[in-house]
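> Structure here, sequence nowhere to be found:
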Ligand code: COA
């Protein structure tokens, strides 16, 4: 007999950012830039950067512990941890280290990579486990440390990014209480070279007649204008598809929660749907683009300061390297 189809509710959230905050003026000490250029082109005023006594796993642990506390869960009750990150502390995966620090001993844990769309892809992935009835509780983390991979002497990219972590607790519920109402995820690898973190390969002799590859990665390389055009074309398109499919008109949305890449992109998408700017959640002025962390970091801030309330309808969209992008319609449930 087929298992009953369930829904997944967002019942808790948490976030954490590094202790060090770096202003635009401080960046001007390193590269030829200034506060007014960065603010007018991006909306960013400062960003947080991991210091020598911090790690992404620790940030993710802090964010997750807060999400568990809000949800009222014991760590041992978590079945699954999905950690969206492109910049793990360990290439074999950082999620198991977070599981260990949390004491979530009954959870299986893995990393998922979809760059700045990672949190959205992970939210959808975890929800499939919940809907299938195979697990009851999942923790979805979005966390990145792009500061480790940015070229701090390249003013075209280094001003944009920051580090952070956010987490959401998801619980299996009756289908009528579904929190992830619908989603659409997209990828286009043919355009991937407009934003990438490529490997550098050396071919070295192994034994007679054979070679092996060795190497690491370059710094982040980006064609800013191509990425900007991609975002302002694809994000409205995928959001429009989602709203239409669900018979939702933009006026019915309580919040627009977009990946915090650039204020001009947020404004362009909001204008396209005529969503008033007070309904557009934004905190990128303080954190910059924290990649997979931006959406849960923003959600956590807005839930904790009382803007996002139980039952609120949120349209969210992630977009970035891959290229990958997508959108989801979400109902914030909050703790029971
Ligand atoms: N400070 C001062 N000047 C800068 C600068 C900086 N940090 N970065 C670039 N410039 C200069 C350039 O060198 C160029 O000077 P030039 O005309 O003398 O050559 C000038 O500013 C314009 O550069 P350009 O790249 O055309 O700027 P832009 O208006 O496209 O803005 C971005 C650059 C990156 C802000 C913009 O393209 C963007 O937001 N793209 C999307 C990026 C993004 O969100 N990526 C992540 C997606 S997940």
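That came through fine. Here the structure is a predicted model, which is why all the values come from computation and not from measurement.

> going forward, measure contacts between C-alpha atoms and count neighbours the same way
Will do.

> does the residue nearest the centre of the chain sit in a helix, a strand or a coil?
Geometric centre of the chain, nearest residue: residue 292, 2.4 Å, by CA atoms, centre = their mean. What DSSP: H, G, I helix; E, B strand; the rest coil gives for residue 292 is helix.

> What segments of this structure are helices?
Using DSSP state H, the helices of the chain run over 24-27, 35-42, 56-71, 95-102, 118-131, 155-158, 224-245, 263-272, 284-287, 294-304.

> tell me the contacts of the one residue in the stretch 1-150 of the chain that gets nearest to the ligand?
Here the residue of the stretch 1-150 of the chain nearest the ligand is residue 33; by CA to the nearest ligand atom that distance is 3.7 Å. Residue 33 makes contact with 27, 155 under the criterion CA atoms under 8 Å, 6 or more residues apart in numbering.

> repeat for the one 10 residues further on
Under the criterion of CA under 8 Å, 6+ apart, the contact partners of residue 43 comprise 262, 263, 264, 284, 285.

> can you list the residues you listed in JSON lines and add pLDDT and neighbour count?
Converted to JSON lines, the contacts of residue 43 look like this (pLDDT from 0 to 100; neighbours: other CA atoms under 10 Å):
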{"residue": "262", "pLDDT": "96", "neighbour count": "22"}
{"residue": "263", "pLDDT": "97", "neighbour count": "20"}
{"residue": "264", "pLDDT": "96", "neighbour count": "15"}
{"residue": "284", "pLDDT": "96", "neighbour count": "26"}
{"residue": "285", "pLDDT": "98", "neighbour count": "17"}
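
> pLDDT (mean, whole number) over stretch 193-211?
For stretch 193-211, the mean per-residue pLDDT is 95.

> Write out the residues of the stretch 101-250 of the chain neighbouring the ligand.
116, 155, 156, 159, 224, 225, 227, 228 (CA under 6 Å from any ligand atom).

> Could you export those to JSON lines, including columns for distance to residue 321?
Listed next are those as JSON lines, based on distance: CA to CA, whole Å:
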{"residue": "116", "distance to residue 321": "7"}
{"residue": "155", "distance to residue 321": "19"}
{"residue": "156", "distance to residue 321": "16"}
{"residue": "159", "distance to residue 321": "17"}
{"residue": "224", "distance to residue 321": "12"}
{"residue": "225", "distance to residue 321": "14"}
{"residue": "227", "distance to residue 321": "9"}
{"residue": "228", "distance to residue 321": "12"}
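
> Which among those residues count as buried?
For those, a neighbour count by 16 or more other CA atoms under 10 Å gives the buried set as 116, 155, 156, 159, 227.

> Excluding residues flanking it in the chain, which one is nearest the last one?
Which is residue 227. Residue nearest to residue 227 in three dimensions, not counting chain neighbours: residue 194, with 6.5 Å by CA to CA, 6 or more residues apart in numbering.

> Assess the claim that the one you found and residue 223 are in contact.
Yes: counting by CA atoms under 8 Å, residue 223 is a contact partner of residue 194 at 5.1 Å.

> Look at these two and report which has more neighbours.
Neighbour count, other CA atoms under 10 Å: between residue 194 and residue 223, residue 194 has more, with 18 against 13.

> mind listing what the more buried one touches?
221, 222, 223, 224, 226, 227, 321.

> for residue 151, same thing?
Counting by CA under 8 Å, 6+ apart, residue 151 has contacts 157, 158, 219, 220.

> now, which of those residues sits nearest the ligand?
Distance to the ligand across these (CA to the nearest ligand atom) is lowest for residue 157, with 6.6 Å.

> where does the closest one land on pLDDT?
For residue 157, pLDDT reads 97.

> isn't it right up against residue 150?
Yes: between residue 157 and residue 150 a contact is recorded at 7.1 Å, counting by CA under 8 Å.

> list the contacts for residue 78?
Taking CA under 8 Å, 6+ apart as the test, what residue 78 contacts is 104, 106, 107, 136, 137, 138, 139.

> hmm, try it at 7 Å
Shown in contact with residue 78 (CA atoms under 7 Å, 6 or more residues apart in numbering): 104, 106, 107, 137, 138.

> how close does it sit to residue 187?
30 Å (CA to CA, to the nearest Å).

> again with residue 82
20 Å.

> Between the two, which is the more surrounded one?
residue 82 (27 against 17).

> Poorly predicted segments of the chain, please.
Applying pLDDT under 70 to the chain flags the ranges 1-5.

> what's the domain layout of it?
6-177, 180-190+221-282+294-331 (automatic domain parsing).
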